[in-house]
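J.: sequence first, then the predicted structure:
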Amino acid sequence: MTQSCIRLTYRIETAGDVQALAAKIASDQSTGTFVPVPGETPELKARVAARVVGLRPLEPLAVPSFPAEPGTPPGTRYNRADADIEFPIEAVGTDLAALTTIAIGGVYSIKGFSGIRIVDMQLPAEFAAAHPGPQFGVPGSRALTGVTDRPIIGTIVKPALGLRPHETAALVRELVEAGVDFIKDDEKLMSPAYSSLADRVKAIMPIILDHEQKTGAKVMYAFGISHADPDEMMRNHDIVAEAGGNCAVINVNSIGFGGFAFLRKRSRLVLHAHRNGWDILTRHPGLGMEFKVYQQFWRLLGVDQLQINGIRVKYWEPDESFIRSFHDISTPLFSAADCPLPVVGSGQWGGQAPETYARTGQTQDLLYLCGGGIVSHPGGPAAGVRAVQQAWQAAVAGIALETYAREHRELAQSIEKFGDGRDA
């Protein structure tokens, strides 16, 4: 019987021999060390040693990703290749900390690289059984918001910092009455002295529940509950759940695998993952890792919604990267149930709706999140909500925004304010 394996694809860059460095990764990250040691038998290596199973050369580079080592001759070319390396699951197991330590963490310290990036990871079915995955995911998010035939349209409380609970509540009331589907705390807002989580929940949830009582529609509000202490974070969770809330913002890189796993096992809330900090891992194209790899960890651990930027964002990420990210988290790892809801955000307003629709092919399985694009609308936040709704109506109908705006004042005002390319 063939043993299950974990396959990692490493983009190797070196002034030396790519094949030799691929072999060194396989050796150093499994059974090998710098000298032979007692117990290092051929039988042991056959059972648990990693091995190179593929090598695909790429175009060399003139400039290294890491600074060139002292004494490197001028004009040195840096060889590149994608190397597939398999780790027997017997050697690693299904623990994500072990996987990160063995297959990822130690690689960056190996000598000889001028660049190293992890571009793909394929996990065997044993991982699906070992981890919970999303509790709500796409179907749960749609069911709880009551949105089934269009994007879930959401916004972020702005300004991100400084508003007191009663000021936040006043904005929330306006947004709820305007027909928004989803509202979230900014990821920077957790429980500061001027707006503690308990006070914010106390001010906001009566508005959400009163609107539900009147209309039958419950706006999903994601409260920021992240905390470095898992017990404190769980207490934050309970404050939200016991007040009738159904969603929480989690800064996943800040709390780590262990903190998130602790929360997911006990959670009754939709877990909306903010990935702030992931850029440290990926922004340099020759270093770190691809989102395709990164997102698998959090999906296995159980995020329900995952922010991935959007078209023409206000940050560094190009549109092509967003499209790949959207595809990655919309593609099942093991089944459709492990797909989180893609959250399209960062500088979004209605203007990006047509291209987002055209390039993702989606009107249902996404949350379209606008901050300033809604709350900074010249007609006020309520008009901002209507403008985004109108933009998606036009996108799906195949009508140019400018044409649709002739009979939709809110969209026309939005185009006038944000249509010059300024960040929303």
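T.: Structure received.

J.: what about the longest helix in the protein?
T.: helix 197-215 (DSSP state H).

J.: what residues sit buried inside that helix?
T.: L197, D199, R200, V201, A203, I204, M205, I207, I208, H211 (16 or more other CB atoms under 10 Å). C-beta: built from backbone N, CA, C; applies to glycine.

J.: do stretch 47-55 as well
T.: Here stretch 47-55 shows V48, A49, A50, R51, V52 as buried, counting by 16+ other CB under 10 Å.

J.: can you check stretch 85-99 too?
T.: Applying 16+ other CB under 10 Å to stretch 85-99 flags I85, E86, F87, P88, I89, A91, V92, T94, L96, L99 as buried.

J.: quickly find the element holding N79.
T.: Assigned by DSSP states H and E, N79 belongs to strand 78-88.

J.: helices and strands around that strand, which ones?
T.: Strand 78-88 is packed against strand 5-14, helix 18-28, strand 51-61, strand 115-122, with contacts defined by 3 or more CB pairs under 8 Å, 6 or more residues apart in numbering; DSSP states H and E.

J.: which parts of the stretch 201-350 of the chain are strands?
T.: For the stretch 201-350 of the chain, the strands defined by DSSP state E, counting those that start in this stretch occupy 220-224, 247-251, 270-274, 287-289, 305-307, 341-344.

J.: got the CA positions of the third one in CSV?
T.: This file holds the C-alpha atoms of strand 270-274, laid out as CSV (Å, rounded to 0.1, in the frame of the first residue of the first chain):
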residue,chain,number,x,y,z
VAL,A,270,-19.5,32.9,12.4
LEU,A,271,-15.8,33.5,12.5
HIS,A,272,-14.8,36.3,10.1
ALA,A,273,-11.0,36.1,9.5
HIS,A,274,-8.9,39.2,8.9
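
J.: give me the sheet partners of it and which way each runs.
T.: Using DSSP bridges, the strands paired with strand 270-274 are strand 247-251 (parallel), strand 305-307 (parallel).

J.: what about those strands, which gets the closest to F223?
T.: strand 247-251 (5.6 Å; CB to CB).

J.: now the closest one, how far from the chain's geometric center?
T.: 12 Å (CA atoms, centre = their mean, to the nearest Å).

J.: could you chop the chain up by domain?
T.: Annotated domains of the chain cover 5-130, 137-418 [automatic domain parsing].

J.: which of these is buried the deepest?
T.: When you average the neighbours per residue for each of the domains of the chain (mean count of other CB atoms under 10 Å), domain 137-418 leads with a mean of 19.

J.: show the average pLDDT along that domain.
T.: Mean per-residue pLDDT for domain 137-418: 96.

J.: distance from it to the middle of the chain?
T.: 11 Å.

J.: for it, measure first residue to last.
T.: 32 Å (CA to CA, to the nearest Å).

J.: what's the answer for stretch 143-162, then?
T.: 33 Å.

J.: picking up where we left off before, any chance of the helices and strands packed on strand 78-88 in a markdown table, plus mean pLDDT and distance to A228?
T.: Formatted as a markdown table, the helices and strands packed on strand 78-88 follow (pLDDT from 0 to 100; distance: least, CB to CB, whole Å):
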| stretch | mean pLDDT | distance to A228 |
| --- | --- | --- |
| strand 5-14 | 98 | 29 |
| helix 18-28 | 95 | 32 |
| strand 51-61 | 97 | 39 |
| strand 115-122 | 98 | 27 |
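
J.: between those, which one is nearest to G371?
T.: If we rank the helices and strands packed on strand 78-88 by CB to CB, the stretch that ends up nearest is strand 115-122, at 30.9 Å.

J.: what is the rounded mean pLDDT of the following helix or strand past the closest one?
T.: Moving toward the C-terminus from strand 115-122, the next helix or strand (DSSP H and E) is helix 126-130. Averaging pLDDT along helix 126-130 yields 97.

J.: other SSEs contacting helix 126-130?
T.: With contacts taken as 3+ CB pairs under 8 Å, 6+ apart, helix 126-130 sits against helix 291-301.

J.: contacts for the helix it packs on next, please.
T.: 96, 100, 118-121, 123, 127-128, 130-134, 252, 257, 260-261, 264, 273, 275, 278, 281-282, 306, 308, 321, 324-325, 328-329, 333, 338-340 (CB atoms under 8 Å, 6 or more residues apart in numbering).

J.: which other residues reach stretch 352-365?
T.: 138, 142, 148-151, 310-312, 319, 323, 326, 330, 339, 341-342, 344, 366, 368, 388, 391-392, 394-396, 400-401.

J.: A15 contacts S114, doesn't it?
T.: Yes: at 5.9 Å, A15 and S114 qualify as touching, with contact defined as CB atoms under 8 Å.
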